[in-house]
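Asks: Need the 3D shape of this:
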Amino acid sequence: MNDKEVFRLVSKTQTGLEEVLAEELRILGAEKITILKRGVEYYGDKKFMYKANYWLRTAINVLKPIAKFPASNQQELYDGMRNIEWMKLFDIGNTISVNSVSYKSQISHTQFISQKAKDAVVDYFRDKFGQRPDVDRYDADIQLHIYLNNDECEVSMNSSGAPLFRRGYRQEVGIAPLNEILAAGMIQLSNWDKTSNFIDPMCGSGTLAIEAALMAFNIPPAFYRSKFSFMRWSNYSAILWKEVLNEAFDLQKDYEGEIIASDISPKSIETCKLNVEFAKLHKDIQIKQCDISNLKPPEGGGVIIMNPPYGERIKSKDINELYIKIGDALKFNFTGFDAWVISSDLEAIKLIGLRPKKRYNLQNGALECKFNGYSIYKGKKFDKQNDEDKV
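Replies: Here you go, the predicted model:
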């Protein structure tokens, strides 16, 4: 395969962020973009695959399909995997792992699928060279993805390695931390212009503020990572990767607004400071310990996004009082701002007392959540807002 050859790629994402990821890919220059369930299919060359790993904020991974064959039984699965020319793709000295998904197929046990596929790869190398690659289930050099759909098997190589939400800047986490991909997706859904002010008044470990700063300065989300699985592939081009890094450096920009991360918890503030300092954004993100009711926003408006406690993190009586307080603070202290709140508690979020201009369905871990947006006006203009259709 030459470096300019265009090939198919697939990136997985979280529920509700498919359109966001597709737009990221469009801006990045992907071809033939197709939205899938919890993913997006697209086309690009080798350099684009590197760029996708470096720049995509809402992708979990970047998969490169390499083979497809019928697999209605274990022998067909084994033979199909065994017939792939693995020596052209990676070296015997690399460690491997196999992850599997099965949908409407006769072979449904994913652990069995992974084991059988791994056996075929190992046997291929043993037959060719009398040696076999080692298996590493946790941090393999080469990660294979098996997708069985209606007895047809598609094999992909995961060019990312570790999931792309592992940015590399988070040194500590708080209680129920927000996934980096979800945080980035929420910011993009808010339509923040990346020039005005940004506030997270319940910052926890600081993920929303850090993701906002990366966007504001146009810093790639994988800036802090040094390792990707594609670097272990036989056709890896260090020259192309260096081009991606140099081009990204030239695209960084200035930001004149204010980014504020605040929280009432001393422990959360301590964790947030540690992560912000490791990300070298301590001069760009203001960190304040205070209650949302006492937070004074900067002039000029902007966007507020928060991930308040919900679910098992707070008692029902306390959660009602908290969401009423959130609504009061927004109405009286944050006029001129757009505010966004994510929560799985559909009753408590109503207590904010504002009519959403926009609603999105998102998934935070195992919890189905609403992500509601509000425009905060002076006086009682917020009462006159009309509901927009649910997205």
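Asks: Surely Gly300 and Thr195 touch.
Replies: No - judged on CB atoms under 8 Å, Gly300 makes no contact with Thr195 at a distance of 10.0 Å. Bear in mind the C-beta positions are built from the backbone N, C-alpha and C, glycine included.
Asks: who touches both of these two?
Replies: Counting by CB atoms under 8 Å, 6 or more residues apart in numbering, the residues touching both Gly300 and Thr195 are Gly257.
Asks: and Cys153, which of the three is it?
Replies: Following DSSP: H, G, I helix; E, B strand; the rest coil, Cys153 is assigned to strand.
Asks: Which parts of the stretch 1-150 of the chain are helices?
Replies: Using DSSP state H, counting those that start in this stretch, the helices assigned to the stretch 1-150 of the chain run over residues 18-28, 46-55, 74-82, 110-129.
Asks: Quick check: which of these is buried the most?
Replies: Mean neighbour count, computed with mean count of other CB atoms under 10 Å, is highest for helix 46-55 among those, reaching a mean of 22.
Asks: Tabulate the helices of the stretch 1-150 of the chain (a markdown table), appending mean pLDDT and distance to Ile376.
Replies: Shown next, in a markdown table, are the helices of the stretch 1-150 of the chain (pLDDT from 0 to 100; distance: least, CB to CB, whole Å):
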| stretch | mean pLDDT | distance to Ile376 |
| --- | --- | --- |
| helix 18-28 | 98 | 24 |
| helix 46-55 | 98 | 32 |
| helix 74-82 | 97 | 56 |
| helix 110-129 | 96 | 47 |
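Asks: which stretch among the ones you listed comes nearest Leu346?
Replies: helix 18-28 (22.5 Å; CB to CB).
Asks: Hey, what's the angle from that closest one to helix 46-55? Just curious.
Replies: Put simply, helix 18-28 runs at 130 degrees to helix 46-55, going by axes from the mean of the first three to the mean of the last three CA atoms, to 10 degrees.
Asks: if we can go back for a sec, quick one, which of the helices of the stretch 1-150 of the chain is nearest to Lys64?
Replies: helix 46-55 (6.7 Å).
Asks: Which elements pack onto that closest one?
Replies: strand 7-12, helix 18-28, helix 238-250 (3 or more CB pairs under 8 Å, 6 or more residues apart in numbering; DSSP states H and E).
Asks: okay if I get these as JSON lines plus distance to Ser190?
Replies: Shown next, in JSON lines, are the helices and strands packed on helix 46-55 (distance: least, CB to CB, whole Å):
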{"stretch": "strand 7-12", "distance to Ser190": "22"}
{"stretch": "helix 18-28", "distance to Ser190": "11"}
{"stretch": "helix 238-250", "distance to Ser190": "24"}
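Asks: between these, which one is nearest to Asn61?
Replies: strand 7-12 (5.7 Å).
Asks: How far off centre is that closest one?
Replies: Centroid separation for strand 7-12 versus its chain: 15 Å, with CA atoms, centre = their mean, to the nearest Å.
Asks: now it: mean pLDDT?
Replies: Confidence for strand 7-12, expressed as mean pLDDT, is 98.
Asks: What are the phi and psi values at the closest residue to Pro201 other than its chain neighbours?
Replies: Nearest residue to Pro201, sequence neighbours excluded (CB to CB, 6 or more residues apart in numbering): Ile292, at 4.3 Å. Geometry field for Ile292 lists phi and psi as phi -60, psi -30, criterion degrees, to the nearest 10.
Asks: Pull up the per-residue confidence for Ile292.
Replies: 96.
Asks: C-terminal to the least confident helix or strand in the chain by mean pLDDT, what's the next element?
Replies: In the chain, no helix or strand scores lower on mean pLDDT, DSSP states H and E than helix 316-333, which sits at a mean of 90. Per DSSP states H and E, the first helix or strand lying C-terminal to helix 316-333 is strand 337-343.
Asks: How far off centre is that next one?
Replies: 19 Å.
Asks: packing partners for the helix or strand following that strand?
Replies: Downstream of strand 337-343, the first helix or strand assigned by DSSP H and E is strand 358-364. In terms of contacts (3+ CB pairs under 8 Å, 6+ apart), strand 358-364 is packed against helix 180-189, strand 367-375.
Asks: Check which residues of the shortest one are buried.
Replies: Neighbour-count burial for strand 367-375, with 16 or more other CB atoms under 10 Å as criterion, is recorded at 369-375.
Asks: Let me have those in CSV, adding pLDDT and distance to Glu18 as columns.
Replies: Shown next, in CSV, are these (pLDDT from 0 to 100; distance: CB to CB, whole Å):
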residue, pLDDT, distance to Glu18
Cys369, 95, 16
Lys370, 96, 17
Phe371, 98, 14
Asn372, 98, 20
Gly373, 98, 19
Tyr374, 97, 24
Ser375, 96, 26
